[in-house]
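> How does the following fold in three dimensions:
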Amino acid sequence: MTIRARFASRCESCGQPIAVGASIEWERGSKARHTECPTGSAPAAPPASSTAALTYETVGRRVYVRGESYPFRAAIKAAGGHWDGESRAWWVGAEHADALQAALVDARPAKSEPYRPTRCKQCGARPNARGWPRIYGSGICSDCYRDERDEAEMGY
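Numbering: from 1, shown residues only. Okay, here's the model as predicted:
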């Protein structure tokens, strides 16, 4: 159905912006398209590579990699990268910068799944159907945590 755009968005087919009030083709459950796309019906450009979010900064004899580098940490380590906790960035020597960039282009980001322990590290307990005892992110159940806290308060 052809309607007037009530909100600014991007055309599904050409990727160009759609201005408020422009004539668009729209169906429920689908994205808006220009009624007459300026670039024809060519598909949208592919998204930029995921390494585009990384920036390189040269400081002295080091090249720092900043940005969303967590998924690429294995590739950065393999290229000789080191983590600088103070500046919160990976770095390599200036002579290894080309090797690092080549490794990052070839690298695929690692899937990062949140760590969620299913059993207590200390007593081995598993939560029952109601979720008790609760297993905290540290891997210790609520019972062991309470016992540790009580012992610390008592001084043993």
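> Now do residue 110, the pLDDT please.
We have a pLDDT of 69 for residue 110.
> In the chain, where's the longest helix?
Of all segments of type helix in the chain, defined using DSSP state H, the longest is helix 142-154.
> and the helix or strand harbouring residue 101, average pLDDT?
Assigned by DSSP states H and E, residue 101 falls within helix 97-106. For helix 97-106, mean pLDDT is 86.
> Name the residues of it that are buried.
For helix 97-106, a neighbour-count test (16 or more other CB atoms under 10 Å) marks 97, 100-101, 103-104 as buried. Using the backbone N, CA and C atoms, a C-beta is placed for each residue, glycine as well.
> before we move on, what about stretch 68-85?
Buried residues in stretch 68-85, defined by neighbour count with 16+ other CB under 10 Å: 69, 71-73, 75-76, 79, 81.
> Out of these, which is nearest to residue 114?
Nearest to residue 114 among the buried residues of stretch 68-85: residue 71, at 13.6 Å, using CB to CB.
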